[in-house]
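Enquirer: Give me a model of this one.
(one chain, ligands or ions: 1)
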Amino acid sequence: MIHLNEVLFLFLAGIIITIFRLSSYKPQPFFSSKPFLNNFNLNFFNLDFFNLNFFNNTSTTQASSHLKHTNTQKIQDINTLADCHEIASRLSELIRKDGAGSWPPNTNHLSTTWPASLRPYKEIYTEMAPLLPAAHASLDDNINHQIISSFRSRFRQLLSEKVNLDEVTSLLSAAASGRWDVFPRDTYNAFYSCLAWCRHAYRWASIPVVSLAQREDALPLPRELVVPWNKMQAHFQLASDSGNNMSNLVLNFNNSGEYQYKINTGLSQKIVSSEGEFTKIFYEVETLAVPIYHAMVRSIVAFARENKKECLRYVREVNDKLRPLLGAYYESVHESKIKRDVWLSRVQGFYAWGMTGEERDVESQELIRFDGLSGNQVLLFQALDAYLGMEPYLTREVMDRNVPGLQRGFVDSLGRFCFRGLLKDGCGEDGEIKGEMLEIVKRMRVFRSAHRTRAKVYLSVPAPERMPMTAGKSLLKDDSVGGIDFLDQFMVKRLQQTV
Ligand code: HEM
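Expert: Residues are numbered from 1 along each chain as shown. Sure, this is the predicted structure:
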């Protein structure tokens with residue numbers, strides 16, 4: 001039981017700490033609105049009190065154009081370093097190729113400018129999207145069978161009537177042979193996202209996802225959704241049948257940050273905005289990550305040149321820039337933005353996959369079951385872990401399925417050039433760099449414990465129409481409590497490894 005005097009003590013302590021922080025706070029040029037956020041102890045203070053969303057508030061336009069401008073400068077700097085150090089050349093290549101020259105990647109979602117053979121996919125999206133969500137999920141298998149069959153049948157009909165697969169294939173072959181003039185990379189990115197939407201929509205055929213669809217172990221997809229997908233997956237060096245964080249989330253935004261291929265078209269504002277807020281986080285994270293990637297690269301180059309002073313400056317910058325990025329997560333993954341009673345049924349299910357394809361495991365010869373998307377595929381977190389010298393969270397196999405080859409290359413290089421273990425103890429520059437890296441670790445620990453708490457809240461909402469499932473780990477144990485405990489183990493383990 002907490003006594004009144006304890007409450008008063010905590011309250012006063014909060015005020016004193018706030019005054020102290022504010023008095024020692026140095027203004028920062030851009031993300032200065034709540035710069036003291038990172039210094040609070042999460043256990044005592046509710047982070048959701050702060051508004052850290054740069055993309056939504058009054059200064060949005062100014063802030064985002066400033067951010068774009070800064071990011072452009074950072075990218076230019078990375079490009080100039082590309083001939084000096086492997087780490088820079090890896091990142092530069094990733095941005096130039098998969099990013100179509102920018103990060104988050106450039107996308108051209110204006111389908112009227114697409115090559116003619118691709119436009120039908122966008123038209124089909126436009127026709128099928130309103131048919132995907134059901135106002136109420138049925139618990140009756142027979143009714144769901146009808147809904148799913150009719151959705152898939154209309155989808156197949158449209159694909160066979162509208163798509164000229166030969167033309168699509170030759171366009172993709174042209175891109176594979178380097179003819180980016182006929183299939184520009186920003187269009188390639190946008191089409192990849194459109195195709196991923198089509199595949200996930202066909203796979204689930206009704207949102208909320210229902211247990212009848214979950215029980216499908218394998219599903220032959222129409223050739224119009226298989227042939228181009230396989231070619232694009234080969235291009236990104238990905239082995240999964242399922243979409244991934246890039247195809248379904250990051251590339252699902254145009255260059256102005258507008259969300260494109262939606263799950264809950266025509267439903268209530270509450271559902272539509274919860275979906276929008278959730279997807280937006282992944283685009284925001286990659287936007288806010290650019291200065292961090294840049295500072296990581298710069299610090300590695302400085303370390304290689306034995307310029308410890310500069311190295312320290314850039315490690316500090318990684319730490320500084322991580323604060324607003326995590327703030328964007330803390331602010332969005334919250335009831336005020338993403339409604340708990342909506343997320344699991346209306347948003348999460350679409351990103352799952354949970355089916356076997358044609359590929360067999362080399363050793364066991366069993367058909368491989370592919371999982372869907374998870375935040376664990378986000379580049380920033382993998383990059384940070386590698387930079388800090390931690391083992392990857394995902395296995396090599398899962399990385400090869402869901403994280404594009406050029407991103408894997410960049411993360412591998414960050415791990416290889418990690419200098420944390422080479423720093424000497426003591427109070428010189430080495431010691432300072434070490435201390436700064438430890439601050440980054442602490443920040444990641446705070447994120448991981450907050451994420452653990454929030455994930456459990458969102459995952460424990462009842463969804464009677466389906467079996468327990470996450471998008472990233474497919475079907476879970478029979479009861480949802482057992483399922484959440486199973487997931488919790490991953491998060492606890494990662495928290496323990498964050499040292
Ligand atoms: C309500 C929303 C979310 C829920 C319920 C959730 C749930 C989970 C769960 C259960 C795991 C562990 C299993 C796995 O690896 O898939 C996980 C891992 C992870 N999630 Fe989320 N997640 C959510 C949103 C996000 C967001 C928005 C991000 C970041 C932008 C994120 C980043 C991560 C990362 C990086 C991991 C890997 C483990 C780690 O690094 O700590 N998640 N999430």
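
Enquirer: Does anything pack onto the longest helix along the chain? Which helices or strands?
Expert: Of all the segments assigned as helix in the chain under DSSP state H, the longest by residue count is helix 269-304. Of the remaining helices and strands, those touching helix 269-304 by 3 or more C-beta pairs under 8 Å, 6 or more residues apart in numbering; DSSP states H and E are helix 60-81, helix 86-96, helix 308-332, helix 340-342, helix 379-387. From N, CA and C alone the C-beta is placed, and that goes for glycine too.

Enquirer: Please give the centre-to-centre distance between that helix and its chain.
Expert: Averaged C-alpha coordinates place helix 269-304 at 8 Å from its chain's average position (C-alpha atoms, centre = their mean, to the nearest Å).

Enquirer: buried residues in it?
Expert: Of the residues in helix 269-304, 271-272, 274-303 count as buried by neighbour count, 16 or more other C-beta atoms under 10 Å.

Enquirer: Repeat that for stretch 227-240.
Expert: Using 16+ other C-beta under 10 Å as the burial criterion, the residues of stretch 227-240 that qualify are V227, P228, W229, K231, M232, Q233, H235, F236, L238, A239, S240.

Enquirer: ok so, going back, quick one: the helices and strands packed on helix 269-304 as JSON lines, columns for mean neighbour count, distance to L475 and mean pLDDT too.
Expert: Listed next are these as JSON lines, based on neighbours: other C-beta atoms under 10 Å; distance: least, C-beta to C-beta, whole Å; pLDDT from 0 to 100:
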{"stretch": "helix 60-81", "mean neighbour count": "15", "distance to L475": "39", "mean pLDDT": "90"}
{"stretch": "helix 86-96", "mean neighbour count": "21", "distance to L475": "33", "mean pLDDT": "98"}
{"stretch": "helix 308-332", "mean neighbour count": "20", "distance to L475": "27", "mean pLDDT": "97"}
{"stretch": "helix 340-342", "mean neighbour count": "17", "distance to L475": "22", "mean pLDDT": "96"}
{"stretch": "helix 379-387", "mean neighbour count": "23", "distance to L475": "25", "mean pLDDT": "98"}
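
Enquirer: Of these, which is nearest the ligand?
Expert: Distance to the ligand, taken as C-beta to the nearest ligand atom, is lowest for helix 379-387 among the helices and strands packed on helix 269-304, at 3.7 Å.

Enquirer: CA atoms only for whichever helix or strand comes after that closest one, dumped as PDB, please.
Expert: Heading C-terminal from helix 379-387, the first helix or strand you meet, by DSSP states H and E, is helix 396-402. Coordinates of each C-alpha in helix 396-402 appear next as PDB, following Å, rounded to 0.1, in the frame of the first residue of the first chain:
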ATOM      1  CA  ARG A 396      21.000 -16.300 -39.900                       C
ATOM      2  CA  GLU A 397      18.200 -18.300 -41.400                       C
ATOM      3  CA  VAL A 398      15.500 -15.900 -40.300                       C
ATOM      4  CA  MET A 399      17.600 -12.900 -41.500                       C
ATOM      5  CA  ASP A 400      18.000 -14.500 -44.900                       C
ATOM      6  CA  ARG A 401      14.300 -14.900 -45.200                       C
ATOM      7  CA  ASN A 402      13.200 -11.400 -44.000                       C
END
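
Enquirer: which residue does the protein bring closest to the ligand?
Expert: Checked against the ligand (C-beta to the nearest ligand atom), the nearest residue in the chain is G375, 2.2 Å away.

Enquirer: Tell me the confidence at that residue?
Expert: Reading off the per-residue confidence, G375 sits at a pLDDT of 97.

Enquirer: Which of the buried residues of stretch 227-240 fall in helices?
Expert: V227, P228, W229, K231, M232, Q233, H235.

Enquirer: what about A100, which SS state?
Expert: Assigned by DSSP: H, G, I helix; E, B strand; the rest coil, the conformation of A100 is coil.

Enquirer: A helix includes Y261, no?
Expert: No - assessed with three-state DSSP, Y261 is coil; it does not lie in a helix.

Enquirer: ok, it - how many residues close by?
Expert: Applying the criterion other C-beta atoms under 10 Å, we find 24 residues in the vicinity of Y261.

Enquirer: need the contact list for it.
Expert: Applying C-beta atoms under 8 Å, 6 or more residues apart in numbering to Y261 gives the contacts Y125, A129, S193, C194, W197, N252.

Enquirer: ok, 6 Å please
Expert: Under the criterion of C-beta atoms under 6 Å, 6 or more residues apart in numbering, the neighbours of Y261 are Y125, W197, N252.

Enquirer: just to revisit the earlier point, could you dump the buried residues of stretch 227-240 to JSON lines with pLDDT?
Expert: Rendered in JSON lines, the data for the buried residues of stretch 227-240 read as follows (pLDDT from 0 to 100):
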{"residue": "V227", "pLDDT": "98"}
{"residue": "P228", "pLDDT": "98"}
{"residue": "W229", "pLDDT": "98"}
{"residue": "K231", "pLDDT": "98"}
{"residue": "M232", "pLDDT": "98"}
{"residue": "Q233", "pLDDT": "98"}
{"residue": "H235", "pLDDT": "98"}
{"residue": "F236", "pLDDT": "98"}
{"residue": "L238", "pLDDT": "98"}
{"residue": "A239", "pLDDT": "96"}
{"residue": "S240", "pLDDT": "97"}
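
Enquirer: What lies in contact with stretch 201-214?
Expert: Counting by C-beta under 6 Å, 6+ apart, stretch 201-214 makes contact with 132-134, 137, 141, 144, 147-148, 151-152, 155, 221, 263, 345, 349-350, 465-467, all of which sit outside it.

Enquirer: Whichever of the residues you listed end up buried, select them in ChimeraX.
Expert: A single ChimeraX command is used to select the members of these judged buried by 16+ other C-beta under 10 Å:
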select :132,133,134,137,144,147,148,151,152,155,221,263,345,349,350,465,466,467
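
Enquirer: so of the contacts of stretch 201-214, which ones are in strands?
Expert: Where those are compared with strands, as defined by DSSP state E, there is no overlap at all.

Enquirer: of the contacts of Y261, list those near the ligand.
Expert: Restricting the contacts of Y261 to those within reach of the ligand (C-beta under 6 Å from any ligand atom) leaves nothing.

Enquirer: Dump these into TSV; add secondary structure as well.
Expert: As requested, the contacts of Y261 are arranged in TSV below (three-state DSSP):
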residue	secondary structure
Y125	helix
W197	helix
N252	helix
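
Enquirer: Can you tell me which of these is nearest Y259?
Expert: N252 (6.3 Å; C-beta to C-beta).

Enquirer: ok, now which ones touch the closest one?
Expert: Contacts for N252 were tallied using C-beta under 6 Å, 6+ apart; they are S193, Q260, Y261.

Enquirer: so where do the helices sit in the stretch 351-499 of the chain?
Expert: With DSSP state H, counting those that start in this stretch applied, the stretch 351-499 of the chain shows helices at 379-387, 396-402, 405-416, 429-459, 480-497, listed in chain order.

Enquirer: Compute the inter-axis angle for the first one and helix 405-416.
Expert: Yep, that's helix 379-387 we're talking about. Relative orientation of helix 379-387 with respect to helix 405-416: 30 degrees, computed using axes from the mean of the first three to the mean of the last three C-alpha atoms, to 10 degrees.
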